[in-house]
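Student: Starting from these lines, generate the structure:
(one chain, ligands or ions: 1)
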Amino acid sequence: MCTLAACGGPQSALDPAGPAAEAIASTWWLMLGGATAIWLTVIGFLAYALLRGRNTRALARPERLIVAGGLVLPTIVLGALLVYGTLNSARVTGAGTEVDLVVEVTARQWHWQFRYRDADGAVQALAVDELALPLGRMVEFEIGSDDVIHSFWIPRLGGKIDAIPGRINRLRLRANRAGPMRGQCAEFCGLDHAHMTFPVTVLDDAAFAEWLAVRAFGPGGDNAGAAAAAGGAAGPARAAGNTTIGARP
Ligand SMILES: [Cu+2]
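Tutor: Down below sits the predicted model:
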């Protein structure tokens with residue numbers, strides 16, 4: 001859709017790979033088209049006013065132009081945008097959809113930790129600064145922070161949401177397409193903020209199961225050392241600060 005070089009790439013919100021990002025991108029294009037049309041209209045009026053000369057007839061009812069352009073038009077345009085955005089919001093948040101997988105996200109200065117839950121809610125795999133998602137599955141991210149406020153954002157999949165200490169924010173995303181994509185902390189969180197990124201890999205079910213197996217969590221898993229370094233299954237700050245929404249099982 002977009003032919004400009006800056007519109008592509010692994011971190012472009014204008015190259016959506018899932019329903020939430022598609023809803024955001026379509027709203028963006030609609031707003032760009034509307035803003036361009038309004039800008040051209042205003043410039044057209046300006047050009048007319050500047051070029052029509054001094055000796056032309058004044059407008060018979062100039063206040064009509066003010067009412068139409070200053071009240072009626074903005075009310076219609078902003079009202080239509082509000083309705084469109086509200087109708088689209090369920091696609092952005094994934095509200096009402098069935099969740100196939102839950103991933104706990106913990107942000108820290110300056111890395112991301114991902115804990116994959118199994119169907120019983122137990123942590124089955126752990127990854128740091130790398131995320132894999134099963135193709136076509138709805139994933140719920142439970143997002144928290146162990147230190148300062150960060151923001152979890154995978155532009156090709158959807159909107160961003162803050163990672164706040166002492167609180168869990170939830171975001172549902174689905175990847176309908178594979179391809180290179182990247183997540184990025186979107187809230188300035190200290191000196192290494194710009195490097196707080198993670199690659200996102202979208203895999204079919206079999207490859208995803210293999211990916212999880214390599215990062216299996218627990219005493220027998222390869223990630224036992226990483227889990228201990230990261231504070232265990234619950235994580236110290238996560239367990240202590242999880243009071244706003246309710247403690248995790
Ligand atoms: Cu951050």
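
Student: Mind pulling the model confidence for the residue nearest the centre of the chain?
Tutor: In the chain, the residue lying closest to the centroid (CA atoms, centre = their mean) is G159, at 1.9 Å. For G159, the pLDDT comes out at 93.

Student: Please determine how far it is located from L51.
Tutor: Note on G159: its distance to L51, by CB to CB, to the nearest Å, is 44 Å. For every residue, glycine as well, the C-beta is placed using N, CA and C.

Student: The residue nearest to the centre of the chain contacts E22, doesn't it?
Tutor: No - using CB atoms under 8 Å, G159 is not in contact with E22, being 11.7 Å away.

Student: per-domain residue ranges of this structure.
Tutor: If you go by automatic domain parsing, the domain ranges for the chain are 11-93, 101-241.

Student: Buried ones in the lengthiest helix in the chain, by neighbour count?
Tutor: Identified as the longest helix of the chain according to DSSP state H is helix 19-51. By 16 or more other CB atoms under 10 Å, the buried positions in helix 19-51 come out as P19, A20, A21, E22, A23, I24, A25, T27.

Student: mind checking pLDDT for the second one?
Tutor: In the prediction, the pLDDT value recorded for A20 is 94.

Student: Excluding chain neighbours, what is closest to it?
Tutor: Nearest residue to A20 in three dimensions, chain neighbours excluded: G158, at 3.2 Å (CB to CB, 6 or more residues apart in numbering).

Student: Can you classify that neighbour by secondary structure?
Tutor: Of the three states, G158 takes coil according to DSSP: H, G, I helix; E, B strand; the rest coil.

Student: And it, how close does it get to Q11?
Tutor: 13 Å.

Student: quick one, which of these two is more surrounded?
Tutor: Between G158 and Q11, counting by other CB atoms under 10 Å, G158 is the more crowded of the two (29 against 17).

Student: quick one: contacts for E130?
Tutor: Contact analysis of E130 by CB atoms under 8 Å, 6 or more residues apart in numbering lists F114, F198, P199, T201.

Student: got TSV for the residues you listed, with neighbour count, pLDDT and distance to L46 too?
Tutor: Formatted as TSV, the contacts of E130 follow (neighbours: other CB atoms under 10 Å; pLDDT from 0 to 100; distance: CB to CB, whole Å):
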residue	neighbour count	pLDDT	distance to L46
F114	20	97	52
F198	21	96	47
P199	13	96	48
T201	16	96	50
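
Student: Mind checking which of those are in strands?
Tutor: Using DSSP state E, the members of the contacts of E130 that fall in strands are F114, F198, P199, T201.

Student: I'd like to know how far the second one sits from G34.
Tutor: This points to F198. Distance of F198 to G34, given as CB to CB: 35 Å.

Student: do the same with A80
Tutor: For A80 relative to G34 (CB to CB), the value is 9 Å.

Student: can you give me the strands for this structure?
Tutor: Assigned by DSSP E, the chain shows strands spanning 101-108, 111-117, 123-128, 131-134, 138-145, 150-153, 161-163, 169-174, 181-185, 197-203.

Student: Could you say which one of the ones you listed comes nearest to G94?
Tutor: Of all the strands of the chain, it is strand 169-174 that lies closest to G94, at 2.7 Å by CB to CB.

Student: Which neighbours in the sheet does the closest one have, and how are they oriented?
Tutor: Sheet pairing of strand 169-174 (DSSP bridges) gives strand 138-145 (antiparallel).

Student: what angle do the partner strand and strand 111-117 make?
Tutor: Compare the direction of strand 138-145 with that of strand 111-117 by axes from the mean of the first three to the mean of the last three CA atoms, to 10 degrees and you get 130 degrees.
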